[in-house]
Every structure is written in C-alpha cells, then in structure tokens.
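Undergrad: Just the structure for this:
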Amino acid sequence: MKKKKNQFNIPILLLTWQRNKEVEALISKLRKINAVNLYINSDGYSLNKKNSKQIDKILETRSTILKNIDWDCKLQIKFNNKNLGCKNSVIEAINWFFENEESGIILEEDCIPDISFFYYCAELLKKYKNHKSIGCITGVNFQNNQKVSDSSYYFSKYNHCWGWATWKDKWEIFDKDINFWPKMKSQKEWEIDKSMKEEERNYWEKVFENSYLNLIDSWAYPWLASLWYKNKLTITPEYNLVSNVGFDGLATHTKNRFSRASNQKTYSLKKIIHNSAIKINIKADRYTFKNHFLEYKSQNIGIKMINKIKLFINIFLNPKKGFLFIKDKINS
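TA: Okay, the predicted model is just below:
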C-alpha cells in the first residue's frame, strides 16, 4: 500500500490575476507540500475591446488554476466578475479568507517561495498566536545576506507583503482608509520606533498621506500604517524565503526590472532557531529603509503629474480631507 503523503493543513490564500506561468509555479509548490486547505482569488476584468489581451490572460490563468490543482484538497475559489483594482480586490479577498479561517498564509501570484517558507510560517503562527505585540510574519528579507541575529528570524516594524502570514484577530485592526492618520501624524514620536530618523519619518509621512488621500492604489501601505498605529511588530526571516518575480509591465507598483528587489535569491530554512527577545531590530530596519525603500523614492515626472491630478480629483470628491490637507500644507 502506497504511503499517503503528509498534509500541510495551514490555510493558504493565493491572490491571482493574469500571470499564468507564475501561478503554475506556485501551484507546483503547493502540490509538493500537499496543501489541503486552499483559497484562490482572481480579480475580474472590464468588458472592453482594448482589454481583449488582458481578458485572455486572466481566463488562461483561471484555467490553469482549475486544471492544475488536481490533488485531494479543500478548494475554495472566488473569481470576481468585475475588476475591483489592486487595493479593493486584495482587501476583499483577505476579508473573505478570514471570514472562514483563524490564521493563514497569503501569497500573490508573482511571489515564489522556497518550500521551507510554508513550514516557517506554520511554526511561527502557532508559537506567536497569543502574542499581542506581533502583527504578522513575512517571508521576505532585504538584508542582502547579512546576519543580523543569532536566531532564524528577527523582529521588524516593516511588513513585506510578498509572502506573509497573520491571524484573523490581527487583520481586524486593518483600516483601509487609515482614518487614524491625522491623529497618528500629529504624534511627535511613533510608538513603533521612537528612534526613527527624520528622513525615514518624512518618507513614511508622505506615503501615508498619499494613501489617506487615495492617491495610491495600494492595500499594503494602509496595512503597514495600521500595524504601526497599533504598535505591532513583524517577524522577519534571517534570510530571504520568497522571491518577487513580477517586476515588469504587468505590475501595478513594481515595474522596474532592474530593481535590486526583483528576483531575489531564496534560501532554505532547515531548522528554526527561535528568538528569545521580542524587540525591534532597529539596525536591521534602518538598513532596510536605506537599501530598499529609498529605491522607490525618486519618481519620474509622469507619475508625479498623475498623482497631482488624482489629488485634485480626490479633493473635489472628498472636500473634508482636501481641506485638512491644504490647511496642513499652509501651516507646515
């Protein structure tokens, strides 16, 4: 009698759209671990002649999902009829996921993990389930192979969402509109990192301000702001476990093929050595800020012009936010 392969029971949510080859690679990983509790989300499309190629890619990707998940598992699928956009589609998918599960792993279609990523998440989801100071677990590391701790992971204020895990009760702190931002912005120090340098704080003030004014089609920035507002840390692996292979024209934000963050090498975590002290690694975070986030600081003229147009539209649609923004600029 053939021995049945061990099952991986932790719920996994895949966020998909139009990357057929990448989705096929992800499914191959899920088959290897025998994942038995799967949720698949696919954003929709607009019925427009100009979008015919995009529609074909979306339908091809959905076909790959249905054809390749061919093992015995609990499979739940949410294929959107309409295109909700990057921010709203992801938020709805994660809300749907946690309506049914208490914790789980979340992967976007262009984020390819090492197999050990799944077991790393599984063990840490269990270990830190009741730790109020922990908000989530990421599989991404931007330390460029520098060792920053004596364990298999460290604690960071940065949540990298290219392969991550969290708990239902932690996701409940998420405010997609970051309505708390005016209050948070007025604080002289942010509790998450009271030693934050002025350059770093100024950078994130601009990002959160643009998110608050709906100038950025991103769910990840509001999620990061929500974690900081509630003073939640992220568990980060000592070495990178997930590679984002989606730096190209299909991406919403990661379009620069030459970015150092593109196609990062992944490593295998053989054994998890636990970190004894739940304390933010300020040195590692400063390195991540300087060597990762500042890469996105310089925007081209076209993007800046688009953001200005969006700003005027949002001020018109939401006068209250617009008034607060203009008042703040005058007083600053």
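
Undergrad: Strands along the stretch 151-300 of the chain, start to end?
TA: Counting by DSSP state E, counting those that start in this stretch, the stretch 151-300 of the chain has these strands, from start to end: 153-156, 164-167, 233-237, 242-244.

Undergrad: deepest of these, which one?
TA: The densest packing among the strands of the stretch 151-300 of the chain, expressed as mean neighbour count by mean count of other C-beta atoms under 10 Å, is seen in strand 233-237 with a mean of 26. C-betas here are computed from N, CA, C, even on glycine.

Undergrad: Serialize the strands of the stretch 151-300 of the chain to JSON lines and add fields for mean pLDDT and distance to residue 97.
TA: What follows is the strands of the stretch 151-300 of the chain, written out as JSON lines (pLDDT from 0 to 100; distance: least, C-beta to C-beta, whole Å):
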{"stretch": "strand 153-156", "mean pLDDT": "98", "distance to residue 97": "23"}
{"stretch": "strand 164-167", "mean pLDDT": "98", "distance to residue 97": "10"}
{"stretch": "strand 233-237", "mean pLDDT": "98", "distance to residue 97": "19"}
{"stretch": "strand 242-244", "mean pLDDT": "92", "distance to residue 97": "18"}
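
Undergrad: Rebuild the ones you listed as JSON lines, extending it with distance to residue 59.
TA: Converted to JSON lines, the strands of the stretch 151-300 of the chain look like this (distance: least, C-beta to C-beta, whole Å):
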{"stretch": "strand 153-156", "distance to residue 59": "39"}
{"stretch": "strand 164-167", "distance to residue 59": "28"}
{"stretch": "strand 233-237", "distance to residue 59": "35"}
{"stretch": "strand 242-244", "distance to residue 59": "24"}
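
Undergrad: Just the helices from this protein, written as ranges.
TA: Using DSSP state H, the helices of the chain run over 20-33, 52-68, 85-100, 116-127, 168-171, 181-186, 198-212, 220-229, 282-291, 301-317, 319-331.

Undergrad: buried stuff in the fifth one?
TA: Yep, that's helix 168-171 we're talking about. Residues of helix 168-171 classed as buried under the neighbour-count rule (16 or more other C-beta atoms under 10 Å) are 170, 171.

Undergrad: what's in contact with it?
TA: When contacts are defined by C-beta atoms under 8 Å, 6 or more residues apart in numbering, helix 168-171 is touched by residues 94, 95, 98, 101, 102, 103, 134, 135, 136, 232.

Undergrad: any low-confidence regions in the stretch 151-300 of the chain?
TA: Scanning the stretch 151-300 of the chain for pLDDT under 70 picks out 246-263, 296-300.

Undergrad: on that earlier part again, tell me which of the helices of the chain approaches residue 237 most closely.
TA: Comparing these against residue 237 with C-beta to C-beta, the closest turns out to be helix 116-127 (6.5 Å).

Undergrad: between the closest one and helix 20-33, what angle do the directions make?
TA: Between the axis of helix 116-127 and that of helix 20-33 there is an angle of 60 degrees, by axes from the mean of the first three to the mean of the last three C-alpha atoms, to 10 degrees.

Undergrad: the inter-axis angle of helix 116-127 versus strand 233-237?
TA: With the same axes, to 10 degrees as the criterion, the two stretches helix 116-127 and strand 233-237 enclose an angle of 140 degrees.

Undergrad: re the thing from before, JSON lines please, covering the helices of the chain and showing distance to residue 242.
TA: As requested, the helices of the chain are arranged in JSON lines below (distance: least, C-beta to C-beta, whole Å):
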{"stretch": "helix 20-33", "distance to residue 242": "11"}
{"stretch": "helix 52-68", "distance to residue 242": "20"}
{"stretch": "helix 85-100", "distance to residue 242": "16"}
{"stretch": "helix 116-127", "distance to residue 242": "6"}
{"stretch": "helix 168-171", "distance to residue 242": "19"}
{"stretch": "helix 181-186", "distance to residue 242": "29"}
{"stretch": "helix 198-212", "distance to residue 242": "22"}
{"stretch": "helix 220-229", "distance to residue 242": "14"}
{"stretch": "helix 282-291", "distance to residue 242": "15"}
{"stretch": "helix 301-317", "distance to residue 242": "26"}
{"stretch": "helix 319-331", "distance to residue 242": "35"}
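
Undergrad: before we move on, the earlier item: so which of the strands of the stretch 151-300 of the chain gets nearest residue 197?
TA: When those are compared for distance to residue 197 using C-beta to C-beta, the nearest one is strand 153-156, at 15.6 Å.

Undergrad: helices or strands next to that closest one in the packing?
TA: When contacts are defined as 3 or more C-beta pairs under 8 Å, 6 or more residues apart in numbering; DSSP states H and E, strand 153-156 packs onto strand 233-237, helix 282-291.

Undergrad: Now do that strand: distance to the chain's middle.
TA: Going by C-alpha atoms, centre = their mean, to the nearest Å, the spacing between the C-alpha centre of strand 153-156 and its chain's C-alpha centre is 17 Å.

Undergrad: Between the two ends of stretch 65-74, how far is it?
TA: Counting by C-alpha to C-alpha, to the nearest Å, the length from the leading to the trailing residue of stretch 65-74 is 14 Å.

Undergrad: Please apply the same query to stretch 214-233.
TA: Stretch 214-233: ends 25 Å apart by C-alpha to C-alpha.
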